[in-house]
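A.B. asks: got a sequence here, can you model it:
(chains A and B)
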Amino acid sequence: NAGVTQTPKFRILKIGQSMTLQCTQDMNHNYMYWYRQDPGMGLKLIYYSVGAGITDKGEVPNGYNVSRSTTEDFPLRLELAAPSQTSVYFCASSYGASGRASVGTDTQYFGPGTRLTVL
Amino acid sequence: DAKTTQPPSMDCAEGRAANLPCNHSTISGNEYVYWYRQIHSQGPQYIIHGLKNNETNEMASLIITEDRKSSTLILPHATLRDTAVYYCIVRPRRSGGGADGLTFGKGTHLIIQP
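C.D. replies: This is a model prediction of the structure:
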């Protein structure tokens, strides 16, 4: 099991460029998440997905888009990069069983992160 | 979700027990206490969670006070690799649909001294 993998590890963008951050999980998890972490701060939720074809906004969705065409993949798209999007981006997944599931299934497993700089 | 308060930093000698406190005085009855940690430049790592009973796993122990307004994460024999930022997070149990992101504060920067 590779767990949650993210590519690329590092990227520098110019203002106005676009890019896609890739995230893949091999744990057959239903739920996936994108967070960003600014220097010295905690993580903030950008978008999340409860299953293929279903996505929803988190706390800071502006400037980003997501899609979930498969259970395994949850790419994050930046259309017009801005300096305010300089951050470390973490993808996470959790089992997210419905019904009276054990709360332990809500445990989120994180990828290693993508460090993005917009100049 | 209830708010948590943690000291910004703590030191602990290698080999000793590290006790990390967390205050969550507004916690409600259906909210769990979770602990994650983040080693420098890595993704957060789940440690342990609990509702009202004390919990122990291979990584740590979690002690929750009887009134549930505070808790302590215990790393029984800290090593240099335990140097990290530790986050205490309170969130409700989820059943039936609806994912929910974790709300991370600034956490406690635990430094293990050789």
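A.B. asks: which ones are touching the spatially most central residue of chain B?
C.D. replies: Centroid check for chain B by C-alpha atoms, centre = their mean gives B:W35 as the closest residue, at 2.9 Å. By C-beta atoms under 8 Å, 6 or more residues apart in numbering or on different chains, B:W35 lies in contact with B:20, B:22, B:46-49, B:60, B:62, B:73, B:86-89. The way it works is simple: take the backbone N, C-alpha and C, and place the C-beta from them, glycine included.
A.B. asks: and the pLDDT for it?
C.D. replies: On the pLDDT scale, B:W35 is placed at 95.
A.B. asks: these two touch, right, B:I63 and B:P76?
C.D. replies: No. Counting by C-beta atoms under 8 Å, B:I63 sits too far from B:P76 to count as a contact (12.0 Å).
A.B. asks: what about these two, which has more around it?
C.D. replies: Per other C-beta atoms under 10 Å in any protein chain shown, whichever of B:I63 and B:P76 has more neighbours is B:I63, with 16 against 12.
A.B. asks: contacting residues for B:P76?
C.D. replies: B:A17, B:A60, B:S61.
A.B. asks: rerun that using 10 Å as the cut-off
C.D. replies: B:R16, B:A17, B:A18, B:N19, B:T56, B:M59, B:A60, B:S61 (C-beta atoms under 10 Å, 6 or more residues apart in numbering or on different chains).
A.B. asks: could you do A:K14 as well?
C.D. replies: A:A81, A:V118, A:L119 are the contacts of A:K14 under C-beta under 10 Å, 6+ apart.
A.B. asks: just grab the bridge partners of B:D11 for me.
C.D. replies: Note on B:D11: beta-bridge partners B:I111, judged by DSSP bridges.
A.B. asks: check B:V90 and give its pLDDT.
C.D. replies: Taking B:V90 on its own, its pLDDT is 89.
A.B. asks: so it sits in a strand?
C.D. replies: Yes. Assessed by DSSP: H, G, I helix; E, B strand; the rest coil, B:V90 belongs to a strand.
A.B. asks: now the strands for chain A?
C.D. replies: A:4-7, A:10-13, A:19-25, A:31-37, A:43-51, A:54-57, A:64-66, A:76-78, A:87-94, A:109-110, A:114-118 (DSSP state E).
A.B. asks: as a markdown table, the ones you listed with distance to B:T5 would be great.
C.D. replies: Converted to a markdown table, the strands of chain A look like this (distance: least, C-beta to C-beta, whole Å):
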| stretch | distance to B:T5 |
| --- | --- |
| strand A:4-7 | 30 |
| strand A:10-13 | 34 |
| strand A:19-25 | 32 |
| strand A:31-37 | 20 |
| strand A:43-51 | 18 |
| strand A:54-57 | 28 |
| strand A:64-66 | 30 |
| strand A:76-78 | 31 |
| strand A:87-94 | 24 |
| strand A:109-110 | 24 |
| strand A:114-118 | 29 |
